[in-house]
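Visitor: here's my sequence, what's the structure:
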Amino acid sequence: MKIVKVDESNAHVYANLYQGYGAEFSRIIDDKPNADGLFEIYPKLEGSVTGYLLYLDGLPAALTAIDERVPHEFEICDFYVLPCFRKNKVGKRFISSLFERLQGSWEIKQVAGADHAIKFWRDVVGDYTSENYVEDVYQDHKWGTVTRQRFSH
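Guide: Next up, the predicted model:
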(Lines give C-alpha, C1' and ligand atoms only; values in the text may rest on other atoms or scores of the structure.)
Protein backbone atom coordinates (compact mmCIF):
# COMPACT_ATOMS: atom_id res chain seq x y z
CA MET A 1 0.00 0.00 0.00
CA LYS A 2 1.50 3.29 -1.14
CA ILE A 3 -0.15 6.69 -0.58
CA VAL A 4 0.99 9.63 -2.69
CA LYS A 5 -0.05 13.27 -2.85
CA VAL A 6 -1.54 14.39 -6.14
CA ASP A 7 0.71 16.79 -8.05
CA GLU A 8 1.30 17.65 -11.71
CA SER A 9 2.94 14.29 -12.36
CA ASN A 10 -0.07 12.21 -11.35
CA ALA A 11 -3.05 14.59 -11.63
CA HIS A 12 -4.16 12.71 -14.74
CA VAL A 13 -4.43 9.49 -12.70
CA TYR A 14 -6.66 11.25 -10.16
CA ALA A 15 -8.79 12.68 -13.00
CA ASN A 16 -9.17 9.24 -14.57
CA LEU A 17 -10.20 7.54 -11.32
CA TYR A 18 -12.55 10.41 -10.52
CA GLN A 19 -14.70 9.46 -13.51
CA GLY A 20 -15.70 6.21 -11.80
CA TYR A 21 -16.51 8.13 -8.61
CA GLY A 22 -18.56 10.67 -10.55
CA ALA A 23 -20.48 7.93 -12.33
CA GLU A 24 -21.14 6.00 -9.12
CA PHE A 25 -22.61 9.01 -7.33
CA SER A 26 -24.38 10.52 -10.36
CA ARG A 27 -27.63 8.73 -9.57
CA ILE A 28 -27.59 9.94 -5.96
CA ILE A 29 -26.73 13.61 -6.54
CA ASP A 30 -28.31 13.83 -10.01
CA ASP A 31 -25.05 14.82 -11.66
CA LYS A 32 -24.50 14.38 -15.37
CA PRO A 33 -21.35 14.28 -17.48
CA ASN A 34 -20.47 17.05 -19.92
CA ALA A 35 -20.74 16.73 -23.71
CA ASP A 36 -17.45 14.78 -23.74
CA GLY A 37 -18.84 12.24 -21.28
CA LEU A 38 -16.70 13.49 -18.38
CA PHE A 39 -17.75 14.42 -14.87
CA GLU A 40 -16.41 17.70 -13.53
CA ILE A 41 -13.95 17.23 -10.70
CA TYR A 42 -15.34 18.92 -7.62
CA PRO A 43 -13.76 20.24 -5.61
CA LYS A 44 -10.73 21.10 -7.68
CA LEU A 45 -7.38 20.14 -6.15
CA GLU A 46 -6.16 23.65 -5.44
CA GLY A 47 -5.88 26.09 -2.58
CA SER A 48 -6.66 24.26 0.66
CA VAL A 49 -7.80 21.04 -1.10
CA THR A 50 -5.22 18.26 -1.49
CA GLY A 51 -5.69 15.01 -3.34
CA TYR A 52 -4.17 11.65 -2.44
CA LEU A 53 -3.95 8.44 -4.42
CA LEU A 54 -3.63 4.92 -3.08
CA TYR A 55 -1.57 2.45 -5.08
CA LEU A 56 -1.70 -1.31 -4.58
CA ASP A 57 0.91 -3.42 -6.34
CA GLY A 58 1.76 -0.42 -8.50
CA LEU A 59 -1.83 0.16 -9.64
CA PRO A 60 -4.03 3.14 -8.69
CA ALA A 61 -6.75 1.80 -6.42
CA ALA A 62 -8.36 4.77 -4.64
CA LEU A 63 -8.51 8.53 -4.32
CA THR A 64 -9.46 11.11 -1.75
CA ALA A 65 -9.69 14.90 -1.69
CA ILE A 66 -9.14 16.54 1.69
CA ASP A 67 -9.81 20.18 2.48
CA GLU A 68 -7.68 21.67 5.26
CA ARG A 69 -10.02 24.58 5.99
CA VAL A 70 -7.79 25.97 8.74
CA PRO A 71 -4.59 24.38 10.03
CA HIS A 72 -5.31 20.85 11.31
CA GLU A 73 -9.07 21.00 10.59
CA PHE A 74 -9.89 18.64 7.74
CA GLU A 75 -12.93 17.72 5.71
CA ILE A 76 -13.01 14.69 3.46
CA CYS A 77 -14.58 16.02 0.27
CA ASP A 78 -14.28 12.94 -1.92
CA PHE A 79 -13.35 9.34 -1.24
CA TYR A 80 -13.45 6.51 -3.75
CA VAL A 81 -12.08 3.00 -3.94
CA LEU A 82 -12.35 1.26 -7.29
CA PRO A 83 -14.83 -1.63 -7.03
CA CYS A 84 -12.19 -4.24 -7.95
CA PHE A 85 -10.17 -3.19 -4.87
CA ARG A 86 -13.04 -3.12 -2.37
CA LYS A 87 -11.88 -5.98 -0.22
CA ASN A 88 -9.56 -6.58 2.68
CA LYS A 89 -10.53 -3.21 4.21
CA VAL A 90 -8.43 -1.32 1.65
CA GLY A 91 -10.45 1.90 1.99
CA LYS A 92 -10.37 1.74 5.77
CA ARG A 93 -6.59 1.29 5.81
CA PHE A 94 -6.12 4.08 3.26
CA ILE A 95 -8.07 6.74 5.15
CA SER A 96 -6.88 5.60 8.60
CA SER A 97 -3.31 6.09 7.39
CA LEU A 98 -4.17 9.65 6.42
CA PHE A 99 -5.90 10.28 9.77
CA GLU A 100 -2.64 9.23 11.43
CA ARG A 101 -0.41 11.18 9.08
CA LEU A 102 -2.35 14.45 9.23
CA GLN A 103 -3.77 14.28 12.79
CA GLY A 104 -6.08 17.22 13.68
CA SER A 105 -9.88 17.27 13.65
CA TRP A 106 -11.98 15.68 10.93
CA GLU A 107 -15.40 16.01 9.34
CA ILE A 108 -16.91 13.55 6.88
CA LYS A 109 -20.29 14.05 5.19
CA GLN A 110 -22.52 11.69 3.24
CA VAL A 111 -25.43 12.82 1.08
CA ALA A 112 -28.91 11.41 1.59
CA GLY A 113 -29.29 8.17 -0.35
CA ALA A 114 -25.63 7.14 -0.02
CA ASP A 115 -26.47 4.45 2.53
CA HIS A 116 -23.39 2.38 1.64
CA ALA A 117 -21.17 5.41 2.34
CA ILE A 118 -22.88 6.13 5.67
CA LYS A 119 -22.32 2.52 6.74
CA PHE A 120 -18.69 2.62 5.59
CA TRP A 121 -17.87 5.86 7.43
CA ARG A 122 -19.60 4.76 10.64
CA ASP A 123 -17.48 1.62 10.59
CA VAL A 124 -14.22 3.45 9.78
CA VAL A 125 -14.65 6.33 12.22
CA GLY A 126 -16.11 4.10 14.90
CA ASP A 127 -13.16 1.73 14.78
CA TYR A 128 -10.59 4.50 14.45
CA THR A 129 -11.93 6.49 17.42
CA SER A 130 -13.14 3.57 19.54
CA GLU A 131 -16.66 5.00 19.00
CA ASN A 132 -15.55 8.41 20.33
CA TYR A 133 -17.05 10.59 17.62
CA VAL A 134 -20.11 12.80 17.04
CA GLU A 135 -22.65 12.08 14.34
CA ASP A 136 -25.49 14.32 13.27
CA VAL A 137 -27.81 14.92 10.32
CA TYR A 138 -28.25 18.45 9.06
CA GLN A 139 -29.08 20.58 6.03
CA ASP A 140 -25.91 21.40 4.11
CA HIS A 141 -26.09 24.49 1.89
CA LYS A 142 -24.76 22.56 -1.13
CA TRP A 143 -25.74 18.92 -0.61
CA GLY A 144 -29.07 19.12 1.23
CA THR A 145 -29.60 16.56 3.97
CA VAL A 146 -26.30 15.01 4.99
CA THR A 147 -25.09 12.64 7.67
CA ARG A 148 -21.89 13.87 9.26
CA GLN A 149 -19.25 12.31 11.51
CA ARG A 150 -16.75 14.48 13.41
CA PHE A 151 -13.79 13.65 15.65
CA SER A 152 -10.49 15.05 16.86
CA HIS A 153 -7.17 13.53 17.75
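Visitor: centroid residue for this structure?
Guide: The residue lying closest to the centre of the chain (Cα atoms, centre = their mean) is Phe79, at 2.0 Å.
Visitor: all strands for this protein, in order.
Guide: Along the chain, counting by DSSP state E, strands occupy 2-5, 49-56, 59-70, 73-81, 105-111, 134-140, 144-152.
Visitor: show me what the longest one packs onto, helices and strands only.
Guide: In other words, strand 59-70. helix 11-29, strand 49-56, strand 73-81, helix 90-102 (3 or more Cβ pairs under 8 Å, 6 or more residues apart in numbering; DSSP states H and E). Every C-beta, even on glycine, is put in place using the N, C-alpha and C of the backbone.
Visitor: with mean pLDDT added, can I get the ones you listed in TSV?
Guide: Shown next, in TSV, are the helices and strands packed on strand 59-70 (pLDDT from 0 to 100):
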stretch	mean pLDDT
helix 11-29	93
strand 49-56	98
strand 73-81	97
helix 90-102	97
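Visitor: Thr145 is nearest to which of those?
Guide: helix 11-29 (11.8 Å; Cβ to Cβ).
Visitor: next, count neighbours for the residue nearest to Gly51 when sequence neighbours are not counted.
Guide: Distances taken as Cβ to Cβ, 6 or more residues apart in numbering place Val6 nearest to Gly51, at 3.4 Å, with adjacent residues excluded. Val6 has 20 neighbours, counted by other Cβ atoms under 10 Å.
Visitor: cool, and Asp123?
Guide: Per other Cβ under 10 Å, the neighbour tally for Asp123 reads 13.
Visitor: in contact with the residue lying closest to it once chain neighbours are set aside, which residues?
Guide: Nearest non-adjacent residue to Asp123, counting by Cβ to Cβ, 6+ apart: Lys92, 7.2 Å away. By Cβ atoms under 8 Å, 6 or more residues apart in numbering, the contact list for Lys92 reads 123-124, 127.
Visitor: looking at these, spot the one nearest Asn10.
Guide: Val124 (24.4 Å).
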